[in-house]
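**Q** Just the structure for this:
(one chain, ligands or ions: 1)
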Amino acid sequence: MAKVLVVAEIKQGVLKSSTAELLSKAKAIGAEAAVVAIGSNIEGLVPELVKAGSDTQYIADDAGLELFSAGPYAACVVDAARQFGADLILFGFSESSKAAAPRVAAQLDAACASEITEVAADNGAFQVVRPAITNKVVQKVKVNTDKLVAVVRAGAFEADESIGGTENVVKLDIPAPDLKAVIKELVSDASGEIDLADADVVVSVGRGARNEEGIALVKELADDLNAGFGSSRAMVDAGFMPHNKQVGQTGKIVAPSLYIAVGISGAIQHLAGMSGSKVVLAINKDPEAPIFNIADYGIVGDLFEVVPILKEELKKVRS
Ligand SMILES: Cc1cc2nc3c(=O)[nH]c(=O)nc-3n(C[C@H](O)[C@H](O)[C@H](O)COP(=O)(O)OP(=O)(O)OC[C@H]3O[C@@H](n4cnc5c(N)ncnc54)[C@H](O)[C@@H]3O)c2cc1C
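**A** The predicted structure follows:
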């Protein structure tokens with residue numbers, strides 16, 4: 001039986017949904033599943049880690065691990081992987097994972113695959129699927145090393161809430177701090193808005209909104225839906241939206257249950273960041289806009305007319 005170690009994603013003490021999704025996938029491929037959790041004051045997360053499907057919980061809990069640092073973080077994952085005898089180590093997609101995963105792979109002499117959307121175990125060999133060239137092709141890769149480290153694209157797998165696990169906590173030794181690169185402070189988005197990566201609904205604004213006034217209108221729709229608020233690159237390049245809101249090839253990759261593209265044409269680089277969304281609604285005044293090729297629902301119309309109507313209808317549904 002394959003052994004899969006999932007690296008828990010924890011942000012400000014909160015366990016992110018990717019952890020349960022990866023553990024569910026591990027169990028779905030018939031593997032024994034363990035989790036490694038790294039941070040400060042995280043022991044209280046053990047019941048959640050068990051509920052998410054892990055049968056062993058490797059915990060590295062230390063004040064020195066409060067801020068992510070690739071070296072010590074990777075050292076903890078490697079330690080857990082060796083103790084567990086992991087064949088496959090799964091990371092959720094994040095900036096931290098992108099920094100830590102290659103380090104873990106190098107130390108374990110394992111292959112490293114990034115942004116995978118599928119993994120299967122076949123007679124002891126792993127096969128992964130990963131979209132490439134802005135989703136124009138899909139690579140099916142057979143891995144010819146015994147071990148694989150993989151970073152999974154957001155929303156690729158679904159959590160199975162019925163699986164559950166068993167509690168078996170193993171405390172890891174705390175690695176020495178990395179003196180080459182010391183992170184002094186983590187500055188989070190001060191807007192208090194929902195993180196795009198975590199949002200179940202994302203509303204994104206494009207050049208069709210024209211200016212601050214148009215953006216404010218679309219933002220109101222996002223707020224009414226309690227949604228994350230994203231942007232096309234056109235609005236970022238024009239200085240209307242910050243880069244951390246950009247969805248796409250050179251921005252964030254999101255896979256919410258519902259993605260609403262407002263005044264966005266649907267350039268391939270934008271689609272690269274949101275085509276994994278479960279349902280896409282596009283609002284665009286041009287019936288030939290490419291976004292309609294991938295949208296599940298489309299409204300052809302002027303967003304300055306359509307968005308207020310949508311807001312009004314939402315209000316009615318809620319009251
Ligand atoms: C290397 C590279 C990387 C890139 N990375 C990204 C990326 O990560 N993310 C990204 O988004 N882009 C990216 N781009 C840019 C991308 O190619 C497009 O230029 C960009 O996505 C266009 O943004 P847009 O759809 O908002 O604007 P446009 O393409 O100008 O589309 C605006 C749309 O709004 C519609 N519209 C206009 N007025 C209204 C109205 N009143 N009501 C309703 N609809 C209206 C128009 O019909 C049109 O379809 C990248 C490009 C390159 C070369």
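**Q** which ones are touching residue 63?
**A** residue 40 (C-beta atoms under 8 Å, 6 or more residues apart in numbering). Any C-beta I mention is one placed from the backbone N, CA and C, and that applies to glycine too.
**Q** And for residue 47, the neighbour number?
**A** For residue 47, the neighbour count with other C-beta atoms under 10 Å is 10.
**Q** Without its sequence neighbours, what residue ends up closest to it?
**A** Distance criterion C-beta to C-beta, 6 or more residues apart in numbering; nearest residue to residue 47, sequence neighbours excluded, is residue 167 at 7.8 Å.
**Q** what about that neighbour, neighbour count?
**A** Each residue near residue 167 was counted by other C-beta under 10 Å, and the total is 13.
**Q** ok, it touching residue 46?
**A** Yes: with contact defined as C-beta atoms under 8 Å, residue 167 reaches residue 46; the gap is 6.6 Å.
**Q** circling back to that earlier point, kindly state the pLDDT recorded for the residue nearest to residue 47?
**A** Looking at residue 167, its pLDDT stands at 97.
**Q** and if you look at residue 234?
**A** Value for residue 234, per-residue pLDDT: 98.
**Q** Could you verify that it is part of a helix?
**A** Yes: Residue 234 forms part of a helix when assessed by DSSP: H, G, I helix; E, B strand; the rest coil.
**Q** what about it, how many neighbours?
**A** 20.
**Q** One more: residue 121?
**A** 18.
**Q** ok, it - contacts?
**A** 2, 29, 30, 31, 87, 88, 127.
**Q** one step back: who touches both of residue 167 and residue 46?
**A** Common neighbours of residue 167 and residue 46 (C-beta under 8 Å, 6+ apart) are residue 57.
**Q** where does this structure come near the ligand, residue by residue?
**A** Counting by C-beta under 6 Å from any ligand atom, the residues of the chain close to the ligand are 206-208, 232-235, 246-251, 263-265, 267, 269-270, 273, 283-286, 289, 302-304.
**Q** of these, buried ones?
**A** 206-208, 232-235, 246-249, 251, 263-265, 267, 270, 273, 283-284, 289, 303-304 (16 or more other C-beta atoms under 10 Å).
**Q** Those residues in helices, which ones?
**A** 233, 234, 235, 270, 273, 303, 304 (DSSP state H).
**Q** from what I can see residue 199 touches residue 227, true?
**A** Yes: counting by C-beta under 8 Å, residue 227 is a contact partner of residue 199 at 5.8 Å.
**Q** Mind listing the shared neighbours of these two?
**A** Counting by C-beta under 8 Å, 6+ apart, the residues touching both residue 199 and residue 227 are residue 256.
**Q** For residue 201, give the beta-bridge partners.
**A** Beta-bridge pairing of residue 201 under DSSP bridges involves residue 258.
**Q** Residue 171 now?
**A** Beta-bridge partners of residue 171, as defined by DSSP bridges: residue 59.
**Q** circling back: let me know the closest of the contacts of residue 121 to the ligand.
**A** residue 127 (28.6 Å; C-beta to the nearest ligand atom).
**Q** By proximity to the ligand, which residue of the chain wins?
**A** residue 248 (2.2 Å).
**Q** ok, that residue - contacts?
**A** So residue 248 contacts 232, 233, 267, 269, 270, 271, 272, 273, 274 (C-beta under 8 Å, 6+ apart).
**Q** ok, so what distance separates the second one from residue 265?
**A** According to C-beta to C-beta, to the nearest Å, residue 233 stands 11 Å off from residue 265.
**Q** For residue 7, which non-adjacent residue is closest in space?
**A** What sits nearest to residue 7 in space, not counting adjacent residues and going by C-beta to C-beta, 6+ apart, is residue 91, at 4.8 Å.
**Q** Now the helix or strand containing the one you found: average pLDDT?
**A** Element membership for residue 91 (DSSP states H and E) is strand 88-92. Average pLDDT, strand 88-92: 97.
**Q** Note down every partner strand of that strand and its orientation.
**A** Each strand paired with strand 88-92, and its direction, by DSSP bridges: strand 3-7 (parallel), strand 148-152 (parallel).
**Q** so after it, what's the next helix or strand?
**A** helix 95-108.
**Q** Quick one: distance of that following helix to the chain centre.
**A** How far helix 95-108 lies from its chain's middle: 16 Å, per C-alpha atoms, centre = their mean, to the nearest Å.
**Q** I appreciate the help and will end here.
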